[in-house]
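**Student:** Next come a sequence and a model predicted from it.
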Amino acid sequence: MKKIASTLALAILALGPAGAQPQSTPRATPGVPHTEHTWLTLYKDTNYNGEDQTIETPSSTVHTDWPIRSLAIHPGDRWQICARARFRDCIILDRSVPDAHMIGVENQIGSARLAPDTPAAAPAQPH
């Protein structure tokens, strides 16, 4: 599932700065998922429709009884989405995705958690 990383890069470029990143609005707004800070919501259908499952804490195994077709995260959150259980073969997702195929998700994911913070670059040392 290394295809996920390259597909994600292309999807982010195609989505552009606005991307599919929804605003935090009530769930009643068609086509725009309601998202909570630090929650990942998986949907059975594209465009955030159908049955859903929310992940609130790190999950070393993820399984739904249906194929995952879209994923929603709160604006500003970053989630590590992994093809395999126990956080292996992962990508970092920084926006909601209305069609999971855009990032290489083919029915299921193996695990998910908030992305670890990336360390700040060390300041240059004088010579």
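**Tutor:** Sure, I can see it. Numbers count the residues shown, from 1 in each chain.
**Student:** use CA for all of it now, contacts and neighbours both
**Tutor:** OK.
**Student:** Show me the strands in the chain, by range?
**Tutor:** Under the criterion DSSP state E, the chain contains strands at 40-45, 49-55, 70-73, 79-84, 88-93, 111-114.
**Student:** mean confidence for the fourth one?
**Tutor:** Just to be clear, that refers to strand 79-84. Strand 79-84 comes out with an average pLDDT of 96.
**Student:** wait, Gln53 sits on Thr35?
**Tutor:** No. The criterion here is CA atoms under 8 Å, and Gln53 misses it with Thr35 at 11.9 Å.
**Student:** more neighbours, those two?
**Tutor:** Between Gln53 and Thr35, counted using other CA atoms under 10 Å, Thr35 has the larger neighbour count: 21 against 15.
**Student:** didn't that one look like it was pressed against Leu71?
**Tutor:** No. With contact defined as CA under 8 Å, Thr35 does not count as touching Leu71 (10.3 Å).
**Student:** what is in contact with the two at once?
**Tutor:** Contact criterion CA atoms under 8 Å, 6 or more residues apart in numbering; residues bridging Thr35 and Leu71 by contacting each: Thr41.
**Student:** ok, back up a step: any common contacting residues for Gln53 and Thr35?
**Tutor:** Counting by CA under 8 Å, 6+ apart, the shared contacts of Gln53 and Thr35 are Thr41.
**Student:** Nearest to Val62, out of the strands of the chain?
**Tutor:** Closest to Val62 of the strands of the chain is strand 111-114 (CA to CA; 5.0 Å).
**Student:** What is that closest one packed up against?
**Tutor:** Helices and strands touching strand 111-114, by 3 or more CA pairs under 8 Å, 6 or more residues apart in numbering; DSSP states H and E, are strand 79-84.
**Student:** Provide the strand pairings for the strand it packs on, with the direction of each partner.
**Tutor:** Here strand 79-84 is paired, per DSSP bridges, with strand 88-93 (antiparallel), strand 111-114 (antiparallel).
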